[in-house]
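Participant: 3D, please:
(one chain, ligands or ions: 2)
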Amino acid sequence: MSKMRVVQVSRANGPLEQVERPIPEPGPGSVRVRVEACGICHSDSFVKEGTFPGVEHPRIPGHEVAGTIDAVGAGVAGWKRGDAVGVGWYAGHCGRCDSCRRGDFATCQVAPEATGITRDGGYAEYMLANAVALARIPEGMSTLEAAPLMCAGITTYNSLRNSGARPGDLVAVLGIGGLGHLAVQFAARMGHETVAIARGREKEPLARELGARHYVDSEKQDPSAELLKLGGAKVVLATVTNGKAMTAALGGLGVDGKFVVLGAADTPLQVPAILLISGRRSVAGWPSGTSIDSQDTLAFAARTGVRSMNEVFPFKHAAEAYDRMMSGKARFRVVLTTGG
Ligand SMILES: NC(=O)c1ccc[n+]([C@@H]2O[C@H](COP(=O)([O-])OP(=O)(O)OC[C@H]3O[C@@H](n4cnc5c(N)ncnc54)[C@H](OP(=O)(O)O)[C@@H]3O)[C@@H](O)[C@H]2O)c1
Ligand SMILES: [Zn+2]
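Facilitator: Numbering: from 1, shown residues only. Ligands and ions are numbered 1, 2, ... in the order given. This next block holds a predicted model:
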């Protein structure tokens, strides 16, 4: 049987290690994807550390997958060998049960599966994907460009388009990393007055290039006070990994403002009740979205020129690439490629 190279985590907190595995055959309803690029999301740390509910080891991480369909299982309609596709977090959900119709894909009653978490993901030369999880990559967009859009992209695009913010509204992006640098681009392209908030001034020129009209250095300035000076944010998209950093920006919401929690913060947010009550403010979370949301993200990005800025690592250097992401120094997404 032919073999493929994969990078797996064999046990919680174990290293990322390259091993060989048999190339899997797609079952009914599934396709095999020849992976070309896979982004490294900060959420991959939950797989590596074994902290995400349902994660078992050994596991191949990676839920920002882009490649081409290589084999098609029985009963798959609409997809063929050679199609360029992306696969995101929700690898398996039926889209029709009560949970899915509520948008609660994680508890899909038919096949609740998460790519790179409860099933193997894209740090591999080949990967199986449920056909329901596929998003079509538009003409003119490379798999390298598409990969980070499958989580960092969809999560920011989809949360923003569902946030209630309208063109012209003040939208702040808290944290300019993999998610944040895409959020700035999406917010600017959607016509929002966009504020980037990050630690230090080093990211300011890039953030402005990406479309931020205002920049706040959260180390030297008070993010809440700065947002209030600008009239108060209609939406804050919080992509940081830290609850204290989120709490520091909460007070920057305007009347009817919404604080959208995207970052899986390691410490709790502190939310003063009076802040919520007095201006009808709210705090809400948002999980990425379905494959059709991914496809919308890709299409919007292709049309408007939103692109992830990537640091590319060959697949065999996955461990080094992962450390680069965790260091916070990457500008801005680390992506693995399988060529070579
Ligand atoms: N909701 C979802 O569906 C979803 C999807 C994907 C990812 N996530 C989560 O979103 C978060 C961001 O993911 P990512 O891939 O964009 O990560 P990333 O590229 O590593 O960026 C991390 C961000 O967190 C900020 N940060 C890190 N440590 C911090 C600290 N001690 N204090 C304040 N800020 C800190 C950095 O802010 P600066 O820019 O200021 O340096 C940076 O912008 C992660 O928690 C990830 O698990 C959620
Ligand atoms: Zn992710």
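Participant: for the rest of this, base every contact and every neighbour count on C-alpha atoms.
Facilitator: Fine.
Participant: got the contact list for the residue of the stretch 151-300 of the chain at minimum distance from ligand 2?
Facilitator: Going by Cα to the ion, ligand 2 is nearest to residue 151 of the stretch 151-300 of the chain, at 4.6 Å. By Cα atoms under 8 Å, 6 or more residues apart in numbering, the contact list for residue 151 reads 41, 63, 64, 88, 89, 288.
Participant: run through these and flag the ones next to ligand 2.
Facilitator: Residues of the contacts of residue 151 in contact with ligand 2 (Cα under 5 Å from the ion): residue 41.
Participant: now render the contacts of residue 151 as JSON lines, adding pLDDT.
Facilitator: Shown next, in JSON lines, are the contacts of residue 151 (pLDDT from 0 to 100):
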{"residue": "41", "pLDDT": "98"}
{"residue": "63", "pLDDT": "97"}
{"residue": "64", "pLDDT": "98"}
{"residue": "88", "pLDDT": "95"}
{"residue": "89", "pLDDT": "90"}
{"residue": "288", "pLDDT": "92"}
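Participant: nearest to residue 207, of the contacts of residue 151?
Facilitator: Closest approach to residue 207 among the contacts of residue 151 (Cα to Cα): residue 41, at 19.6 Å.
Participant: is it true that that closest one touches residue 64?
Facilitator: Yes - taking contacts as Cα atoms under 8 Å, residue 41 lies within contact range of residue 64: 7.5 Å.
Participant: in terms of neighbours, single out the busier of these two.
Facilitator: Remark: of residue 41 and residue 64, residue 64 carries more neighbours, 29 against 22, as counted by other Cα atoms under 10 Å.
Participant: how close does that one sit to ligand 1?
Facilitator: 10 Å (Cα to the nearest ligand atom, to the nearest Å).
Participant: likewise for residue 189?
Facilitator: 19 Å.
Participant: equivalent analysis for residue 6, please.
Facilitator: On the measure of Cα to the nearest ligand atom, residue 6 and ligand 1 end up 21 Å apart.
Participant: that residue: which element?
Facilitator: strand 3-9 (DSSP states H and E).
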